[in-house]
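# generate coordinates for the sequence data below:
(chains A and B)
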Amino acid sequence: MRRKPTCKIQKSKSLLNTGSIMEYNFSAIEKKWQAQWKQDHAYRVSNESSKPKFYVLDMFPYPSGSGLHVGHPLGYIASDIYSRFKRLKGFNVLHPMGYDAFGLPAEQYAIEHGVHPAVSTAENIDTFRKQLDNIGFCFDWDREVRTSDPSYYKWTQWIFLQLFNSYYNRLTQKAEPIAQLVTVFEKEGNIKHVCPGDHAIRFSAMEWNNYTHKQQQDILMNYRLAFCGYGEVNWCEALGTVLANDEVINGVSERGGHPVVKKKLRQWYLRITEYADRLLDGLQTIDFSEAMKEMQTNWIGKSSGAEISFQVEATDGRNGLHLHVYTTRPDTIFGVDFMVVAPEHELIERITSDEQKETVEAYIAYVKSRSERERQAEKKITGAFTGAYALNPFDGRKIPVWISEYVLAGYGTGAIMAVPCGDERDYKFAKHFNIPITNIIGDAYNGEEANATKDAKLENSGFLNGMVMRDAMEVVIDKLEDMGIGKRKVNYKMRDAAFSRQRYWGEPFPIQWKNGVAVALSETELPLELPAVDHYSPGPEGEGPLANIPEWVARELETNTMPGYAGSSWYFLRYMDPHNQNVFCDRKASDYWNQVDLYIGGTEHAVGHLLYSRLWTKVLCDLGYIGFDEPFRKLLNQGMIQGSSRFVYRLLWKFAGTERVLDQAKLPQVFISKGIVDELHKGNKEIEERYKTELLNLLKQTYSGSVSFIHSIDVVALHVDVNIVDGVELDTKAFKQWKPDFADAEFILEDGKYICGVEVEKMSKSKFNTVNPNTLVDKFGADTFRMYEMFLGPVEQSKPWDTKGIEGVHRFIKKLWRLFFDEQKGKQWDEEKATAAELKVLHRTIKKIEDDTERFSFNTAVSTFMICVNELSDLKSHKREVLESLLIMLTPYAPHIAEELWHQLGNTSSVLDAAYPVYNASFTAESEKEYPVSINGRVRTNISISLDATEAQVKEIVLGNEMVQKWMEDKPLKKLIFVKGKMINVVI
RNA sequence: GCCCCGGUGGUGGAACUGGUAGACACGCAGGACUUAAAAUCCUGUUCGCCGAAACGCGAGUACGGGUUCGAUUCCCGUCUGGGGCACCA
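Numbering: from 1, shown residues only, chains lettered A, B, ... in the order given. So this is what the prediction gives:
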């Protein structure tokens, strides 16, 4: 960036005129440079550069109505530091920001307040942006995107159409245009292309060609990567709407507490299961934490086993019914004591006996009210016997068929064979319903708990007897295949991703329904804009609000909208080429920027967003639109900043033996200090009596009625705004002003103070534990705020917010300032040559800051800056040579003060593009080491020894040492451990 | 319930590959400067014991075991806090 020096000096003087230039006036400095950088487009990034590229991305924020709290910027500061660091290191750095602007909260707000989501979202974004700007981020705002903007979602719709018009070719292991598949069908039917949506669909070329258009389209729907099907949703009759999982609590709606049941609705899905293996394999090529990879692996849940068909004795005498189960342990087939099928299983109706009908129906009704989560988490064992029996194919044993909620319809075949001696859940179920348990593993089963071993020898297992379980698996599968009643099967826990919402505020599907056939709009019709509506209530039969718009319905347009993750699955590509009208992202741009080199965000997206965006990337890559099939090369997970909530304890008035009923509303609100509450809860009678008396006196003063006795003291804990609490001490005056309710509050104090309770929780407005970054920036400046957020601890770690330590970081920055300016004497720096001691401090710092920044250890980097400034202050060092290097290193962390001092030193170009100092090891070399010397692992003394010394020399020195001899007490030396440059251990 | 992560002084944390536990800060205590305050600077600060003092002894990284010359770090078990579990984003 180019600036005119004369203009700069005038500006800095005029802006700094509130005090002496020697004073650290952070607000003037920060405003000045933010304005200057903006004017100079200092953060504009070009797609054309001779420098190597580097792409740093923050996870897409949803602009919520409550604005930013101190937890949000943690990751943004980390990515900002890294971006600036890479820029100083000579990279062309892309560091964009935008908004995931569609979402449920805005729609909910619209329903409640009648404000159009587009309006409230735009307002939220404004607030968000102002807060972000305050902190001095280096985002290239020219590249901002908003998912709710038609110019953006035009391309979301376009990509959806690519998914809709593609299928996964298992032969080539990639997505291909469905038109190609049609050509194949015309020539050879689907012999080579098993139908992923329904394995039973098989046809020859002739059959295909004879199908009607509708029949063909129905078949193709079973191949498409974006397809329509039916799925269960949380349906709330009373609200007439579909609810999100987190809007359902204990089977009733969060709002209003109305009953919620499962309802089948037509839904769009993405056929992510076809990509299961590639999503799994891809994990090996990307730098995510092991924990993250493990979570994704578990989510995909690949397992291999067998699908086995059991003959079922139908109660109505009909034959030929079969129950298909999936098991990973075919070796335990002789240990099957019962079957469990999901309550949704279609066979239930046909196999339930007359005697059990009522029980089964009642049980199914119960399960309908339960969420999937509740079903899996429940400790209570429930189930019902169908009255039917399956037959063990090998020994003909009759096996009772049960239904239970712990078996989910969506996983495997929705039915399991239960082996209580080998599976804990089966064991508990058997015990609970008194089903006899067969032991097939001899001593390995102790009769008190299941043993899931694979290494026991089988007993009671017919032809498998004596075989080790692990080996028996293949034998059983082979036999089943020979008998034609089972086959080897790979199974995935992952299901196809539901891709529609019965909501308004999301991307419309570019789909028309013509005679029951989904027809894609042509590209020229995109974007299909979201129509304006007056109200946001749901349409008929659980359809979305779009179903209420006559013109929409008349055009036969899809009334569902896309879910929240649609726009966020590909946004990292749009940033590369945000204004392109002709294509979602020019291939040249995506070839240049390629993968995101560093992606920062929380683990809460582990299996949602991160899997979906990996899927979209793979599809786009398969279809040739981009050149890479993993979006994020490296992922850094930021921890969550939790809130530290404060509580006050309000007295619950309880009386006994009162002649008159007291008007509760007239009673004073009394708040009891934490320490006293604790004593009361401990059952301290003495305290209780004392405060009963005190309360009684209070009551007599404020209440005219005659009261003689307070029954017991009980309290209710209420959240109190953390901003009116100093540590744990409540500002009682501020508390009275906080809410009108509390204006006349009375306090029972301890040692003259009101002490609050403390708890760590999620940071949220409703808990009054949020801290606004703006307040801190106003008070200490953005540079201090940035460094303090980093100083809190490792970015990856979750921790509760505590503002207290911020003073220490602020002191450090002021101390740094004093290396340059003395309040009395003014300019402090000089042009002299740095001494060896100063260079040693500097180069140790260069090494550490560089290493720490590179490995995202920003907290230790801040410490290192502190140590450096402390040491330079101690040395009374003010050499420009040293200070300039220090400023460059500081730029990523505290850009404003760095730029200001950089210019004060007389530089005319920006510090943002300075050359990063180069570490020179010769300045930090040591010749001696003060070794800690341990006797049997316990440090007893320190001995300085030359780093050149050989082990023999070291041994001589150590054993000759007085202290060592004293501790050895003439015992013989067993061993001497010498780790060069580290330590010495004398073993006796 | 299942999957993942964490637990170190009064507090946030440091110790990067198994090698001096507590760097750097906060807080607290004492002191200097000041009429005073703020700011700044200096000293001390894991706990217990002994002591005038210590570079004196012992314990110590959630708890219980194990491996090792040596464990905050690796292994097994327990407790406990957090995140996710498919329509919050």
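# just list whatever residues bridge to the closest residue to A:R397 other than its chain neighbours.
Counting by Cβ to Cβ, 6 or more residues apart in numbering, A:R397 lies nearest to A:L391, which is 7.2 Å off, once chain neighbours are set aside. Placement of C-beta: from N, CA and C, glycine included. Taking DSSP bridges as the rule, A:L391 bridges to A:Q311, A:K398.
# can you check A:N234 too?
A:L243, A:K262.
# contacts only, for it.
A:N234 is in contact with A:V242, A:L243, A:A244, A:N245, A:E247, A:V248, A:V260, A:V261, A:K262, A:K263, A:S371, counting by Cβ atoms under 8 Å, 6 or more residues apart in numbering.
# can you count the residues close to the third one?
For A:A244, the tally of surrounding residues (other Cβ atoms under 10 Å) stands at 15.
# spatially, what comes nearest to it if we skip its sequence neighbours?
A:L104 (6.3 Å).
# how far away is the one you found from RNA strand B?
Distance check for A:L104 against RNA strand B: by Cβ to the nearest atom of the strand, to the nearest Å, it reads 4 Å.
# correct me, but that residue touches A:N245?
No - taking contacts as Cβ atoms under 8 Å, A:L104 lies outside contact range of A:N245: 11.4 Å.
# the two - which one has more neighbours?
More crowded of A:L104 and A:N245, by other Cβ under 10 Å: A:L104, with 18 against 10.
# ok, the more buried one - contacts?
By Cβ under 8 Å, 6+ apart, A:L104 lies in contact with A:A244, A:R503, A:W505, A:G564.
# burial count for the nearest residue to the last one once chain neighbours are set aside?
Counting by Cβ to Cβ, 6+ apart, the nearest residue to A:G564 once its immediate chain neighbours are dropped is A:G103, at 5.5 Å. The tally of other residues near A:G103 (other Cβ under 10 Å) stands at 22.
# please tell me how far A:G103 sits from A:A226.
Applying Cβ to Cβ, to the nearest Å, the value for A:G103 to A:A226 is 21 Å.
# what do you get for A:E378?
Shown here: A:E378 relative to A:A226, a distance of 34 Å by Cβ to Cβ.
# quick one: average pLDDT of the one helix or strand A:E123 maps to?
Element membership for A:E123, per DSSP states H and E: helix A:117-134. In this model, helix A:117-134 carries a mean pLDDT of 93.
# which is the next helix or strand following that helix?
Moving toward the C-terminus from helix A:117-134, the next helix or strand (DSSP H and E) is helix A:150-164.
# which elements pack onto that following helix?
Contact here means 3 or more Cβ pairs under 8 Å, 6 or more residues apart in numbering; DSSP states H and E; on that basis helix A:150-164 packs against strand A:226-236, strand A:517-520, helix A:565-568, helix A:609-622.
# can you list contacts of the following helix or strand past the last one?
Counting by DSSP H and E, the next helix or strand C-terminal to helix A:609-622 is strand A:635-638. Contacts made with strand A:635-638 from outside it, assessed by Cβ under 8 Å, 6+ apart, are listed as A:74-75, A:78, A:286-289, A:292, A:598-603, A:610, A:795-796, A:856.
# how does it look with 7 Å?
Defining contact as Cβ atoms under 7 Å, 6 or more residues apart in numbering, one finds that strand A:635-638 is touched by A:74-75, A:78, A:287-289, A:292, A:598-603, A:795-796, A:856.
# with stretch A:251-266 instead?
Residues outside stretch A:251-266 that contact it (Cβ under 7 Å, 6+ apart): A:228, A:230-236, A:238-239, A:243, A:247-248, A:368-371, A:542.
# RNA strand B contacts on the stretch 201-350 of chain A?
Residues of the stretch 201-350 of chain A lying near RNA strand B by Cβ under 7 Å from any atom of the strand: A:233-234, A:242-247, A:265, A:267, A:290-292, A:294-295, A:298-299, A:301.
# rerun that using 10 Å as the cut-off
A:231-235, A:241-248, A:263, A:265-270, A:272-273, A:276, A:289-301 (Cβ under 10 Å from any atom of the strand).
# does RNA strand B sit close to the helix or strand where A:F865 lies?
Using DSSP H and E, A:F865 sits within helix A:858-874. Yes - counting by Cβ under 10 Å from any atom of the strand, RNA strand B has neighbours in helix A:858-874: A:858-871, A:873-874.
# show the buried residues in these.
Neighbour counting by 16 or more other Cβ atoms under 10 Å classes A:F858, A:N859, A:T860, A:A861, A:V862, A:T864, A:F865, A:M866, A:C868, A:V869, A:E871 among the residues of helix A:858-874 next to RNA strand B as buried.
# pretty sure the first one sits against A:V795.
It refers to A:F858. Yes - here A:F858 lies in contact with A:V795, judged by Cβ atoms under 7 Å, at a distance of 6.2 Å.
# closest to A:K187 among the buried ones among the residues of helix A:858-874 next to RNA strand B?
Using Cβ to Cβ, A:F858 comes nearest to A:K187 of those, at 60.4 Å.
# ok, the nearest residue to that closest one once chain neighbours are set aside to RNA strand B distance?
Using Cβ to Cβ, 6+ apart and skipping the chain neighbours, the partner closest in space to A:F858 is A:M790 (3.9 Å). From A:M790 across to RNA strand B, the span is 11 Å (Cβ to the nearest atom of the strand).
# can you check A:Q828 too?
A:Q828 sits 14 Å away from RNA strand B, going by Cβ to the nearest atom of the strand.
# shouldn't that residue be in contact with A:D822?
Yes - under the criterion of Cβ under 7 Å, A:Q828 makes contact with A:D822 at 5.3 Å.
# of the contacts of strand A:635-638, buried ones?
A:74-75, A:78, A:288, A:292, A:598-603, A:795-796, A:856.
# possible to save the residues you listed as JSON lines with secondary structure and pLDDT?
What follows is these, written out as JSON lines (DSSP: H, G, I helix; E, B strand; the rest coil; pLDDT from 0 to 100):
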{"residue": "A:L74", "secondary structure": "helix", "pLDDT": "93"}
{"residue": "A:G75", "secondary structure": "helix", "pLDDT": "93"}
{"residue": "A:A78", "secondary structure": "helix", "pLDDT": "96"}
{"residue": "A:F288", "secondary structure": "coil", "pLDDT": "92"}
{"residue": "A:M292", "secondary structure": "helix", "pLDDT": "91"}
{"residue": "A:L598", "secondary structure": "strand", "pLDDT": "96"}
{"residue": "A:Y599", "secondary structure": "strand", "pLDDT": "95"}
{"residue": "A:I600", "secondary structure": "strand", "pLDDT": "94"}
{"residue": "A:G601", "secondary structure": "strand", "pLDDT": "91"}
{"residue": "A:G602", "secondary structure": "strand", "pLDDT": "87"}
{"residue": "A:T603", "secondary structure": "helix", "pLDDT": "85"}
{"residue": "A:V795", "secondary structure": "coil", "pLDDT": "93"}
{"residue": "A:E796", "secondary structure": "coil", "pLDDT": "91"}
{"residue": "A:F856", "secondary structure": "coil", "pLDDT": "95"}
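# where does the residue in the stretch 551-700 of chain A that RNA strand B sits nearest to land on pLDDT?
Residue of the stretch 551-700 of chain A nearest RNA strand B, by Cβ to the nearest atom of the strand: A:G564 (3.2 Å). For A:G564, the pLDDT comes out at 88.
# repeat that for the one 4 residues further on.
On the pLDDT scale, A:S568 is placed at 94.
# quick one: name whatever helix or strand follows the helix or strand of chain A with the lowest mean pLDDT.
Of the helices and strands making up chain A, the lowest-confidence element is helix A:5-15, at a mean of 34, by mean pLDDT, DSSP states H and E. The helix or strand immediately downstream of helix A:5-15 is helix A:26-39, counting by DSSP H and E.
# report all helices and strands that that next one contacts.
helix A:5-15, helix A:895-904 (3 or more Cβ pairs under 7 Å, 6 or more residues apart in numbering; DSSP states H and E).
# apply 6 Å and report the result again.
Packing partners of helix A:26-39 (3 or more Cβ pairs under 6 Å, 6 or more residues apart in numbering; DSSP states H and E): helix A:895-904.
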